[in-house]
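[1] turn this into a model:
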Amino acid sequence: MQCTKCKARVDVMADGSYQNAVSHTCGKTADTHPASNAEDGLAVAIEDIVDDMKAEVDALALANLALVPSKIWELIRKQFTSARMVHGLTRDQVISRVYRKRNRHFGSTTYGRVEVPPLSLTKIGDATFFQFYYTYVDGGEVQHILGWGYPPLIRLLSYNQTALYIDGTFHCVPTPFYQCIVVMVHDRGSKCFVPCMYCLTTNKSEWTYWHTLHCFQATTGMTMDVGTVSCDFERGLIKRWEISFLKPTL
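    Next up, the predicted model:
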């Protein structure tokens, strides 16, 4: 094996950055215009892009919560890949920063993340979709209620003698919730029932329905005037409707 006496060298540091990079000298013709930052075999100057990478990671972490940290790393790596020698963030540093940034902005719990933009807004960002977050204790355990609704449709609940339809579903709710309660109101203009409020609850009890209905009323400024209510035969729900709305027609 023939030695070329090539002086190429690169030192990989513990944080994944490159130091003391010296270009290959073997198999190359003489360069009559050597780079200004590489002369006589001296180390090439390393560009520090750490701050730029941090700024881009932070922006991606908050702009789209559907992006998992590993996907953000792929986007960052593609964006900052360069033929120059650079000092940047490693994969582990990028992924850890995504988690930290999201936790600082949204909170470390699922409940806190829906209270602030972008998750608190409608899809086009023209109104606040998130309406309330309520916590109570039932049977010695902390329970949670999260409510959403589109403001123009919520206003329909304040019409005189409105007709409501309420139902709960249990098969499509995220952990740690138990059910999703949907309130639909009769729109007299279209003569259709339109969903105006959605509520995730971690429990299914009479007190769950009591607190949920109270939150619905509070969202309208206690102006709900209910004429008729249609719902499944759920004893706890029916009882609380009668108490909250002075026995509307069920």
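
[2] would you map out the domains in the protein?
    Residue ranges for the domains of the chain, per automatic domain parsing: 9-106, 130-244.

[3] mean pLDDT for those: which is lowest?
    Among these, domain 9-106 carries the lowest mean pLDDT, at a mean of 76.

[4] distance check, Pro118 against Lys54.
    Pro118 is 21 Å from Lys54, where distance means C-beta to C-beta, to the nearest Å. (Glycine included, C-beta is placed from N, CA and C.)

[5] which stretches of this protein form helices?
    50-63, 69-80, 91-106, 110-113, 151-154, 206-219, 235-244 (DSSP state H).

[6] tell me which of the ones you listed sits nearest to Asp167.
    Among the helices of the chain, the nearest to Asp167 by C-beta to C-beta is helix 235-244 (9.7 Å).

[7] switch the helices of the chain over to JSON lines; also include mean neighbour count.
    Listed next are those as JSON lines, based on neighbours: other C-beta atoms under 10 Å:
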{"stretch": "helix 50-63", "mean neighbour count": "16"}
{"stretch": "helix 69-80", "mean neighbour count": "15"}
{"stretch": "helix 91-106", "mean neighbour count": "16"}
{"stretch": "helix 110-113", "mean neighbour count": "15"}
{"stretch": "helix 151-154", "mean neighbour count": "14"}
{"stretch": "helix 206-219", "mean neighbour count": "20"}
{"stretch": "helix 235-244", "mean neighbour count": "16"}
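
[8] now render those as a markdown table, adding distance to Cys172.
    Listed next are these as a markdown table, based on distance: least, C-beta to C-beta, whole Å:
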| stretch | distance to Cys172 |
| --- | --- |
| helix 50-63 | 26 |
| helix 69-80 | 25 |
| helix 91-106 | 23 |
| helix 110-113 | 16 |
| helix 151-154 | 21 |
| helix 206-219 | 18 |
| helix 235-244 | 19 |
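
[9] residues near the residue nearest to Arg155 when sequence neighbours are not counted, how many?
    Excluding the flanking residues, the one nearest Arg155 by C-beta to C-beta, 6 or more residues apart in numbering is Thr220, at 7.8 Å. Look at Thr220: counted by other C-beta atoms under 10 Å, it has 17 neighbours.

[10] ok, Thr220 touching Ser158?
    Yes: the pair Thr220 and Ser158 qualifies as a contact (C-beta atoms under 8 Å) at a distance of 5.3 Å.

[11] go ahead and flag the most central residue of this structure.
    Leu65 (4.1 Å; C-alpha atoms, centre = their mean).

[12] residues contacting that one?
    102, 113, 118-119 (C-beta atoms under 8 Å, 6 or more residues apart in numbering).

[13] closest one of those residues to Phe177?
    So of the contacts of Leu65, ranked by how close each gets to Phe177 (C-beta to C-beta), first place is Arg113, at 13.8 Å.

[14] which residue packs closest to that closest one, ignoring adjacent ones?
    Arg113's closest residue in space is Phe106 (C-beta to C-beta, 6+ apart), at 3.8 Å.

[15] list the contacts of the one you found.
    So Phe106 contacts 112-113, 115-116, 119 (C-beta under 8 Å, 6+ apart).

[16] count of neighbours near Leu200?
    Per other C-beta under 10 Å, the neighbour tally for Leu200 reads 22.

[17] oh sorry, the question was meant for Val68
    Other residues within reach of Val68, judged by other C-beta under 10 Å, total 11.
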